[in-house]
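Student: Give me a model of this one.
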Amino acid sequence: MGKILLSGYYGEYNTGDDALLVSSSWACSQFFQSDEILATAAQLPRLDQKFAVAPLFVKEENMKSENLLRMYYHALTSDMIVFGGGSVFHSTDKLTRDSDLIDLSRGKGAIALGVSFGPFRDSGAELACKKFVNNLSYIGVRDQESYDIVKSLAHDINVEKTFDLAALFPITQLENNVKKSPSKRKGLAISLCHYERYIGLNTATEKIRFEKILNVLNRLTEEDVEELIFIDFNGHPVFGDVDIHSEMMRRLNIQIPVSRIPYQDNPATVLDLISRCKGLVGMRLHSCIFGYLTETPTVILSYHPKCIGWAKQIDANPNFTIDSNNFEEEQLYLSIMNILHDRYTSPKLPLQGAKDLAMKNWEGALCSMSQ
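Tutor: Numbering: from 1, shown residues only. Okay, here's the model as predicted:
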């Protein structure tokens, strides 16, 4: 196949989306034999292995709406459009724009893989979503709620419950860059984020959550853990994690060494870092996914339905899945202590099972394109 337009929330300094971009690019090369992949980004993460992927956008536009025009042009001239994992479809604007891309396409069609739908943010989103999904040849969704939404909008649509594409990320790496987890792990990794402020909800929820987490971390001692490592999974200047992590670090009153790892432009570096930690407290969905992929004991601190969907998919133990909007400090403290003192219960879904489910995205897409 010639050119593929790879659409997602890429190039925004987000480690999770970087991993999805790498996984999607690798699979487009492997399964569709594409010799040109253009991703909806102005910059790409640092890749250890070279794929035929390039940024579609320019960092500085030479004329008004240049990047929009570039996207429409490549939608028109691509052989296929792939919505590759880095998307949650929930707003009218995004769904309408993505439907426009498919309408422009003169290639073999469009597919959406490893994606999520809803909850819808505005009144027109559901109608826009119905048009969008009906224009897709195949849909692989990563959670049951998304599957139910798609089926309710288009009963006969070709949709399967698959898995998050990031489960394939370790496969994409060069063999000598895939490191085994060290036998002696140390430190507790922490990946937090703000949420309510970005979607217009009550920021008092953020403050309550922050204080509870702070109180719990302040109870930890050097006998419990060697160090705390805050990892910025999102380095975006507006939506990133540096503010919440920096404030948390300023207000900690403990003897344990504390450090912060800023956003890394190579997601493999972050995967390796987490593989060396004794445990992880993760709000960012893909921090929890990286924890799972490296078999790092993880507390899933859920702030969004997609996080609960992930916990259900891997069959995570309920004692290590916590609703960040409604939890007691003691609940979080006990979960962390159980991890640090080797009382963790692993998810029931084996890693190979997750990889097989993630591969279903591409198997289903290949089948739909051959019909």
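Student: Tally up the residues packed near the nearest residue to residue 354 once chain neighbours are set aside, please.
Tutor: Excluding its sequence neighbours, the residue lying closest to residue 354 (Cβ to Cβ, 6 or more residues apart in numbering) is residue 167, at 4.5 Å. The C-beta positions use only the backbone N, C-alpha and C, and glycine is treated the same way. By other Cβ atoms under 10 Å, 28 other residues sit near residue 167.
Student: and the gap between residue 167 and residue 136?
Tutor: 22 Å (Cβ to Cβ, to the nearest Å).
Student: quick one: whichever strand in the chain runs longest to chain centroid distance?
Tutor: Looking across the chain with DSSP state E, the single longest strand is strand 110-117. Chain-centre distance of strand 110-117: 13 Å, with Cα atoms, centre = their mean, to the nearest Å.
Student: Show the model's pLDDT score for residue 108.
Tutor: Predicted confidence (pLDDT) for residue 108: 89.
Student: Could you list the residues in contact with stretch 245-257?
Tutor: If you take Cβ atoms under 8 Å, 6 or more residues apart in numbering as the criterion, stretch 245-257 is touched by 190, 192, 210, 213-214, 217-218, 220-222, 224-228, 230, 232, 258, 260.
Student: make it 7 Å
Tutor: Under the contact criterion Cβ atoms under 7 Å, 6 or more residues apart in numbering, stretch 245-257 has outside partners 192, 214, 217-218, 220, 222, 225, 227-228, 230, 232, 258, 260.
Student: now, which of these lie within helices?
Tutor: Among the contacts of stretch 245-257, the members falling in helices (DSSP state H) are 214, 217.
Student: In the contacts of stretch 245-257, find the pair that's most separated.
Tutor: Largest separation among the contacts of stretch 245-257 by Cβ to Cβ: 222 and 232, giving 24.6 Å.
Student: what about these two, which has more around it?
Tutor: Taking residue 222 and residue 232 together and counting by other Cβ under 10 Å, residue 232 has the greater number of neighbours (26 against 11).
Student: element containing residue 83?
Tutor: strand 80-84 (DSSP states H and E).
Student: in its sheet, what does the next helix-or-strand element following that strand sit against?
Tutor: Following strand 80-84 in sequence order, the next helix or strand is strand 88-89 (DSSP H and E). Strand pairing for strand 88-89, determined by DSSP bridges: strand 110-117 (parallel).
Student: so where is the stretch 151-300 of the chain shaky, pLDDT-wise?
Tutor: In the predicted model, the stretch 151-300 of the chain carries pLDDT under 70 at residues 174-182.
Student: Show me where it has its strands.
Tutor: In the stretch 151-300 of the chain, the segments counted as strands under DSSP state E, counting those that start in this stretch are 159-161, 188-191, 228-231, 258-261, 279-282, 298-302.
Student: so the residue nearest to residue 354 sits right up against residue 356, yeah?
Tutor: No. Counting by Cβ atoms under 7 Å, residue 356 is not a contact partner of residue 167; they are 9.0 Å apart.
Student: I'd like the strands of the stretch 151-300 of the chain written out as a markdown table, with distance to residue 151 and mean neighbour count added.
Tutor: Below are the strands of the stretch 151-300 of the chain laid out as a markdown table (distance: least, Cβ to Cβ, whole Å; neighbours: other Cβ atoms under 10 Å):
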| stretch | distance to residue 151 | mean neighbour count |
| --- | --- | --- |
| strand 159-161 | 7 | 19 |
| strand 188-191 | 32 | 27 |
| strand 228-231 | 36 | 23 |
| strand 258-261 | 41 | 15 |
| strand 279-282 | 30 | 27 |
| strand 298-302 | 24 | 27 |
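Student: can these go into TSV with extra columns for distance to residue 26?
Tutor: As requested, the strands of the stretch 151-300 of the chain are exported to TSV (distance: least, Cβ to Cβ, whole Å):
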stretch	distance to residue 26
strand 159-161	20
strand 188-191	24
strand 228-231	24
strand 258-261	25
strand 279-282	24
strand 298-302	25
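Student: Tell me which of those strands sits nearest to residue 9.
Tutor: Among those, strand 188-191 sits nearest to residue 9 (Cβ to Cβ), with 17.5 Å.
Student: in the chain, which spans are helices?
Tutor: Using DSSP H, helices in the chain cover 15-31, 66-77, 92-104, 125-134, 144-153, 169-172, 204-217, 242-251, 267-275, 285-293, 305-314, 329-340, 351-370.
Student: okay if I get those as JSON lines plus distance to residue 186?
Tutor: Shown next, in JSON lines, are those (distance: least, Cβ to Cβ, whole Å):
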{"stretch": "helix 15-31", "distance to residue 186": "21"}
{"stretch": "helix 66-77", "distance to residue 186": "44"}
{"stretch": "helix 92-104", "distance to residue 186": "41"}
{"stretch": "helix 125-134", "distance to residue 186": "45"}
{"stretch": "helix 144-153", "distance to residue 186": "36"}
{"stretch": "helix 169-172", "distance to residue 186": "22"}
{"stretch": "helix 204-217", "distance to residue 186": "17"}
{"stretch": "helix 242-251", "distance to residue 186": "18"}
{"stretch": "helix 267-275", "distance to residue 186": "12"}
{"stretch": "helix 285-293", "distance to residue 186": "15"}
{"stretch": "helix 305-314", "distance to residue 186": "25"}
{"stretch": "helix 329-340", "distance to residue 186": "11"}
{"stretch": "helix 351-370", "distance to residue 186": "22"}
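Student: Having no further points to raise, I will conclude here.
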